[in-house]
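*Asks:* My questions are about this predicted structure, shown below with the sequence.
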Amino acid sequence: MHNIDDVETEETLTCLRITVHHPLHEIKNVFQLIHFNKREKHMVEDPLKVGRDTKSCHISLYDLRVSRVQFSIQAFRHFNSSKLFFEIKNLSKRGKLIVNNTELEHLNKVELPKKALVRFAEFQLLVEKEDGESTESFDTFFELARTPPWQDILCAPSMSPVPETGILTNACTIPPHCSLQTPVEMEECELK
């Protein structure tokens, strides 16, 4: 019989919940190599690489528009902090990576906020960080989105007052000619 004092306490792991979307995922089967709805453990020393190359990437996307290694996510700690933080770096020479509204060119990197929308080619990934205690490893958990994650962000319910008419207007419609694949100027694409 084990003495409860002898059992090591288990640290909770920081988890990156990644919700993925591609408009043609059912036709092209671009996510066939991702294990959905299952936590996977990663060591903090190893960058989490995302791309087309199944040998060098932890997360492989089955699409020729994706670079062999598209981007990496690396864990780090700030000085005098025990919490894990993450940075994302664009490793693609031919494609830009957009993190929230920041456009990253080859080898540019930014710190990931607690919730970030990552876009490249026709892919959208909503990355959400759930804090944990461990500084040695972290988990990833992938989910498949039924709708593009940007809709969830832009169309999140607000605490706006209901007009006297009782009719709420849809303030988050984006004209069809406006694509979120590449950044556009506001004059070219105004939200109405």
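*Replies:* Sure, I can see it.
*Asks:* Give me the most central residue, the chain.
*Replies:* For the chain, the residue nearest the mean C-alpha position is residue 127 (2.9 Å; CA atoms, centre = their mean).
*Asks:* Tell me the spacing between it and residue 141.
*Replies:* Taking CB to CB, to the nearest Å as the criterion, residue 127 is separated from residue 141 by 11 Å. Any C-beta I mention is one placed from the backbone N, CA and C, and that applies to glycine too.
*Asks:* Need the overlap of contacts for those two.
*Replies:* Common neighbours of residue 127 and residue 141, using CB atoms under 8 Å, 6 or more residues apart in numbering, are 16, 17, 18.
*Asks:* For my notes, confirm the second one occurs in a strand.
*Replies:* Yes - the assignment for residue 17 by DSSP: H, G, I helix; E, B strand; the rest coil puts it in a strand.
*Asks:* That one against residue 138, yeah?
*Replies:* No - counting by CB atoms under 8 Å, residue 17 does not reach residue 138; the two are 11.3 Å apart.
*Asks:* When the two are compared, which one has more neighbours?
*Replies:* Ranked by neighbour count (other CB atoms under 10 Å), residue 17 and residue 138 place residue 138 first, with 24 against 16.
*Asks:* quick revisit: please state the backbone phi and psi of the residue nearest to the centre of the chain?
*Replies:* Main-chain dihedrals, residue 127, degrees, to the nearest 10: phi -110, psi 120.
*Asks:* Assumed residue 26 was part of a helix.
*Replies:* Yes - counting by three-state DSSP, residue 26 is found in a helix.
*Asks:* how far away is it from residue 66?
*Replies:* 17 Å.
*Asks:* Would you mind telling me which of those two has the busier surroundings?
*Replies:* Using other CB under 10 Å, the more surrounded residue of residue 26 and residue 66 is residue 66, with 23 against 10.
*Asks:* Local confidence estimate at the more buried one?
*Replies:* Residue 66 carries a pLDDT value of 94.
*Asks:* so where do the strands sit in the protein?
*Replies:* For the chain, applying DSSP state E gives strands covering 14-21, 39-43, 48-51, 59-60, 71-76, 85-90, 97-99, 102-104, 109-111, 115-120, 123-130, 137-144.
*Asks:* Is it correct that residue 90 is in contact with residue 105?
*Replies:* Yes - with contact defined as CB under 8 Å, residue 90 reaches residue 105; the gap is 6.4 Å.
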